[in-house]
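Q: Whatever this is, show me its structure:
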Amino acid sequence: MSPYPKIPSPTMALTQMPPPFKAGLSVAVAGLATALFTVILPLTLYVEGALFGAVIAIALQKIGVLDQRQAGWFIAVSTLAYYLCLALVLKVGVFTPNADSHSSTPLILAGCVGGLLVVSGALLLLRPAPRIHVILVGASCGAACDALLSAVGLALAPSLGLVVSKLLYNLPLHLSPGSDPLNRYSLQSFYALSLVWQTGMGFVLGLMLSHRQGATDVNDTASFEVNR
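A: This next block holds a predicted model:
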């Protein structure tokens, strides 16, 4: 017997991980990919909700949570939630005291509302639909988690956001301070918030919906048996 303890490989560690965490990590990777695409190609800012919804929907399809029709509806929910949150940021920013002080309140509020809409929309799309109290609890948890993610992203703006902005500075399509996405917020805030919120949101969705893994395969099999 070897005197040295056997160190599990990353692949083995991932295999031994509980299914909810594996699902959460797989969807979180999709969220991170979307965030990276958003910060590298800033023109995607205007379709960020649809892009996020499409990539997350594909990830949820891969683990058997959503079927093709549900994935299409999820993209629509994500797109609508994004534009509503964008309008909320601009509207609340106007009425926030000391608007020039880069208040984080509108962005945290938008993150909370975005989480509420996306998580509740995803739960409503499931078949069979969860009970109303499950949807309410899930939506509340999603809102709280995403408000926290927004706060963490903004707190990391001077570190993570600054590093990302320096890495992107030499790219031909990088954002300049004059083309700041929301004008009154720094680019560092935009980069950090995108990376943290979208990655975290992917993890939250994967974790909350992991109990539905393989449900679409079961439904397809049942439908096939009925048609026979």
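
Q: Which secondary structure elements does the lengthiest helix in the chain sit against?
A: If you go by DSSP state H, the chain has its longest helix at helix 68-95. Helix 68-95 sits against helix 48-62, helix 105-125, with contacts defined as 3 or more Cβ pairs under 8 Å, 6 or more residues apart in numbering; DSSP states H and E. Quick note: C-beta positions are derived from backbone N, CA and C, even for glycine.

Q: Now mean neighbour count and distance to Pro19 too, for those helices, in a markdown table please.
A: Formatted as a markdown table, the helices and strands packed on helix 68-95 follow (neighbours: other Cβ atoms under 10 Å; distance: least, Cβ to Cβ, whole Å):
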| stretch | mean neighbour count | distance to Pro19 |
| --- | --- | --- |
| helix 48-62 | 22 | 14 |
| helix 105-125 | 22 | 18 |
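
Q: Can you lay out the ones you listed as JSON lines showing distance to Ala143 and mean pLDDT?
A: Formatted as JSON lines, those follow (distance: least, Cβ to Cβ, whole Å; pLDDT from 0 to 100):
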{"stretch": "helix 48-62", "distance to Ala143": "17", "mean pLDDT": "93"}
{"stretch": "helix 105-125", "distance to Ala143": "4", "mean pLDDT": "89"}
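
Q: For these, give me CSV that also has distance to Gly200.
A: Formatted as CSV, these follow (distance: least, Cβ to Cβ, whole Å):
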stretch, distance to Gly200
helix 48-62, 12
helix 105-125, 9
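
Q: do you know which of those helices lies nearest Gln198?
A: helix 48-62 (5.9 Å; Cβ to Cβ).

Q: how far does the closest one sit from the chain's center?
A: 9 Å (Cα atoms, centre = their mean, to the nearest Å).

Q: And stretch 202-216, by the same measure?
A: 13 Å.

Q: Contacts for it, please.
A: The contact list for stretch 202-216 (Cβ atoms under 8 Å, 6 or more residues apart in numbering) reads 19-32, 34, 56, 59-61, 63-67, 115, 118-119, 122-123, 126, 138, 141-142, 145-146.

Q: repeat that with 6 Å
A: With contacts defined as Cβ atoms under 6 Å, 6 or more residues apart in numbering, stretch 202-216 is touched by 19-20, 23-24, 27-28, 30-31, 56, 63-65, 67, 138, 145.

Q: Stretch 147-163 too?
A: By Cβ under 6 Å, 6+ apart, the surrounding residues in contact with stretch 147-163 are 104, 107-108, 111-112, 188-189, 191-193, 196-197, 200.
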